[in-house]
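**Q** from the sequence below, what's the structure:
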Amino acid sequence: MVYKIVNSYTDETVLYVKGLEISTDGITWTILTSEQSKIMDILETSPIYVQRDAPEIPDTRVSFKEYSQADVYSAQEAAEKAGFDCINVGDEFTFSCKCQSPLNILKYEDLAIFMYCPVCKSGIVNLFLLYILIEQYGTEIKDVDFDDVIIWSLVTEDNYEAILTKILNSPAVTIETNI
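**A** Numbers count the residues shown, from 1 in each chain. Predicted coordinates:
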């Protein structure tokens, strides 16, 4: 989905946003830098600016599901399919394994990439972060319409070791045990 950030007082469009790209005119697009991302956070949370759909800008990106060629779910749906209990408190989720073993959580900064039960060897992986941080996908990801919720996939005994090895070999990832 393409959306625009609009000044709520003047109705003037400040910025168009299309996935990882931004534009001031809706024609010329650039990939969002980390500095611009900080500015976007301010704009998106400021009461002066509002987000609106931008149907005037065509969105020709492929869906994240099509791009990844994987079954993807929300974190809650994926956790339930993996056999985890999921408690939702506001915007936060708490996960635990039904076998009562503590979950290991692999993170990049404060974002979870991988949650797994070392006993059951089942879990979920954030495919979007896996692609960006671990697989080092480049500019082609800008052509993907990723839904920031529907990006989780199941980790099974068949793919557990391969995914875990990729993530653990990344210097950006930290390990946390959820007790």
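**Q** please identify the helix or strand for Met14.
**A** For residue 14 the amino acid is Val, not Met. Following DSSP states H and E, one finds Val14 within strand 13-18.
**Q** so what touches that strand?
**A** Identification of contacts with strand 13-18 by Cβ atoms under 8 Å, 6 or more residues apart in numbering yields 2-7, 22-26, 29, 40, 43, 49, 54, 57, 59, 61. Heads up, the C-betas are built off the backbone N, CA and C, glycines and all.
**Q** swap in 6 Å and give it another go.
**A** 2-6, 22-23, 26, 54, 57 (Cβ atoms under 6 Å, 6 or more residues apart in numbering).
**Q** mind listing what's buried along it?
**A** 13, 15-18 (16 or more other Cβ atoms under 10 Å).
**Q** quick check: the two most widely separated of those residues?
**A** The distance between the two most remote of these (Cβ to Cβ) is 13.4 Å, for Thr13 and Lys18.
**Q** hang on, the earlier thing: export the buried residues of strand 13-18 as CSV, with columns for pLDDT and distance to Phe114.
**A** Shown next, in CSV, are those (pLDDT from 0 to 100; distance: Cβ to Cβ, whole Å):
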residue, pLDDT, distance to Phe114
Thr13, 93, 38
Leu15, 91, 33
Tyr16, 92, 33
Val17, 89, 28
Lys18, 87, 28
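**Q** dump those residues into TSV; add distance to Cys97 as well.
**A** Formatted as TSV, those follow (distance: Cβ to Cβ, whole Å):
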residue	distance to Cys97
Thr13	47
Leu15	42
Tyr16	42
Val17	37
Lys18	38
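**Q** quick one, strands of this structure?
**A** 2-7, 13-18, 21-23, 30-31, 49-53, 62-63, 84-89, 92-97, 103-108, 111-117, 122-126, 144-145, 152-155, 173-178 (DSSP state E).
**Q** which one, of these, ends up nearest to Leu133?
**A** Judged by Cβ to Cβ, the one of the strands of the chain that comes nearest to Leu133 is strand 103-108, at 5.5 Å.
**Q** measure the residue lying closest to Tyr16 once chain neighbours are set aside to Ala112 for me?
**A** Nearest residue to Tyr16 in three dimensions, chain neighbours excluded: Ser23, at 4.4 Å (Cβ to Cβ, 6 or more residues apart in numbering). Ser23 is 30 Å from Ala112, where distance means Cβ to Cβ, to the nearest Å.
**Q** and for Ile39?
**A** Shown here: Ile39 relative to Ala112, a distance of 25 Å by Cβ to Cβ.
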